[in-house]
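Engineer: how would this look folded up:
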Amino acid sequence: MEQFRRNSVLWVDLINFIELRKLKSGESQRLFHGRGQVFPGFEGINIDWYPPVLLISLYDSGYDQWLEKVVDWLMKEIPECQSVLLQYRSRKGCSFELLRGNSLSKLVAAEHGLLFQIELGRHQNSGLFLDMRNGRDWVRNNALNKKVLNLFAYTCAFSVAALAGGADQVVNFDTSKAALAKGRENHRLNQQNTQQVIFEGVDIFKSFSRIKKHGPYDLLICDPPSYQKGSVDIKRDYKKIVSRIPLFMKKNSLILLCLNSPELGDDFLTELVSVQCPACQFVTKINPPAIFKDAIAGRGLKVHIYRF
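Structural biologist: Predicted coordinates for the structure are as follows:
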């Protein structure tokens, strides 16, 4: 029945939902967010724009009959597009297929004047999470003269934003030394002083003494992965960090906690903080860009700000 419903929807319905009118020149952004389940029949498709490449991510099957028509329309509407890449997120290894143009795997993504190296066609993720755009903006606006602790730093997009906002120093922790190496290049790409940045490629949960040694900090960013098997168990591990906030942070410091598990809502973070660090006071919630809307509240990215 679901397969029949997908095949029966008109491809023109999809192009009416794609938000090209909000396309910003040279900026990387999501154009269509089907995963939010707001658009019946298109729940398994996302479309991202990394100039000059369109990345179409498929999370299930059933779109073959009209996908080519959508691609043709997109290339006509976006003259800057030089390549269309298809990613099969439901297949093992999340394989890729080049649909149009030439292979352009290594690119530079722009976001509010900041630049980030991304890589398409090789790994599951590009290196820049578009739904965290507003979180990076908040960090940039609140990092002035602060010493920042960035846990699960990945390619250091938060770190780049913090230095752009005038942070004194950023300490990045991540288990992947390769991701941190890309983070170092991101700082250089933005002509930032890497002497203000520390990169620690270690297991965070085995390195609490090292985290404390670099502190105390004025701003904590914690954005743990939700889907890496053997890496982090959110229910088991997140409390190990939150309970140590008094050891790492200065009084009156700011705390940014992220959660991207669909099965866990805002109440998980609220209860976690109230139990593990009751001295933290809730300040505000940062919503993702409007295009990342969800039919079921709380399934998407959650970002909470606290003051310790």
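
Engineer: Check what contacts the longest strand anywhere in the chain and list those residues.
Structural biologist: Taking DSSP state E as the criterion, the chain has its longest strand at strand 249-259. Residues outside strand 249-259 that contact it (CB atoms under 8 Å, 6 or more residues apart in numbering): 132, 135, 138-139, 142, 146, 149, 215-224, 226, 234, 238, 242, 245, 268-269, 273, 280, 283, 286, 301-308. For the C-beta atoms, the positions are set from N, CA and C on the backbone; glycine is no exception.

Engineer: mind checking how far the residue nearest in space to the middle of the chain is from Ile305?
Structural biologist: In the chain, the residue lying closest to the centroid (CA atoms, centre = their mean) is Phe129, at 2.4 Å. The gap separating Phe129 from Ile305 is 18 Å, by CB to CB, to the nearest Å.

Engineer: Confirm Val12 sits in a helix?
Structural biologist: Yes - secondary structure of Val12 (DSSP: H, G, I helix; E, B strand; the rest coil): part of a helix.

Engineer: Need the pLDDT of it.
Structural biologist: On the pLDDT scale, Val12 is placed at 70.

Engineer: What of the one 4 residues further on?
Structural biologist: The per-residue pLDDT reported for Asn16 equals 78.

Engineer: cool, Tyr227 as well?
Structural biologist: At Tyr227, the pLDDT value in this model is 63.

Engineer: same thing with Asn7?
Structural biologist: With respect to pLDDT, Asn7 has a value of 48.

Engineer: Name every strand pairing with the longest strand of the chain and say which way it goes.
Structural biologist: With DSSP bridges as the test, strand 249-259 is paired with strand 217-222 (parallel), strand 302-307 (antiparallel).

Engineer: Can you tell me which of these is most buried?
Structural biologist: Comparing the strands paired with strand 249-259 by mean neighbour count (mean count of other CB atoms under 10 Å), strand 217-222 comes out on top with a mean of 24.

Engineer: Check which residues of whichever helix or strand comes after that strand are buried.
Structural biologist: Counting by DSSP states H and E, the next helix or strand C-terminal to strand 217-222 is helix 234-242. By neighbour count with 16 or more other CB atoms under 10 Å, helix 234-242 contains the buried residues Ile234, Tyr238, Ile241, Val242.

Engineer: Turn the residues you listed into TSV, including pLDDT and distance to Met249.
Structural biologist: Supplementary listing: the buried residues of helix 234-242 in TSV, determined by pLDDT from 0 to 100; distance: CB to CB, whole Å:
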residue	pLDDT	distance to Met249
Ile234	93	21
Tyr238	96	16
Ile241	97	11
Val242	98	11
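
Engineer: JSON lines for these, including distance to Tyr154?
Structural biologist: Shown next, in JSON lines, are those (distance: CB to CB, whole Å):
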{"residue": "Ile234", "distance to Tyr154": "16"}
{"residue": "Tyr238", "distance to Tyr154": "17"}
{"residue": "Ile241", "distance to Tyr154": "16"}
{"residue": "Val242", "distance to Tyr154": "20"}
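
Engineer: now the strands: where do they sit in the stretch 51-200 of the chain?
Structural biologist: Assigned by DSSP state E, counting those that start in this stretch, the strands in the stretch 51-200 of the chain fall at 53-58, 83-88, 96-101, 106-111, 114-119, 147-151, 169-174, 197-201.

Engineer: mean pLDDT for those: which is lowest?
Structural biologist: Sorting these by mean pLDDT places strand 96-101 lowest, at a mean of 89.

Engineer: List the buried residues in that one.
Structural biologist: Neighbour-count burial for strand 96-101 flags Phe96, Arg100 (criterion: 16+ other CB under 10 Å).

Engineer: Appreciated, that's everything.
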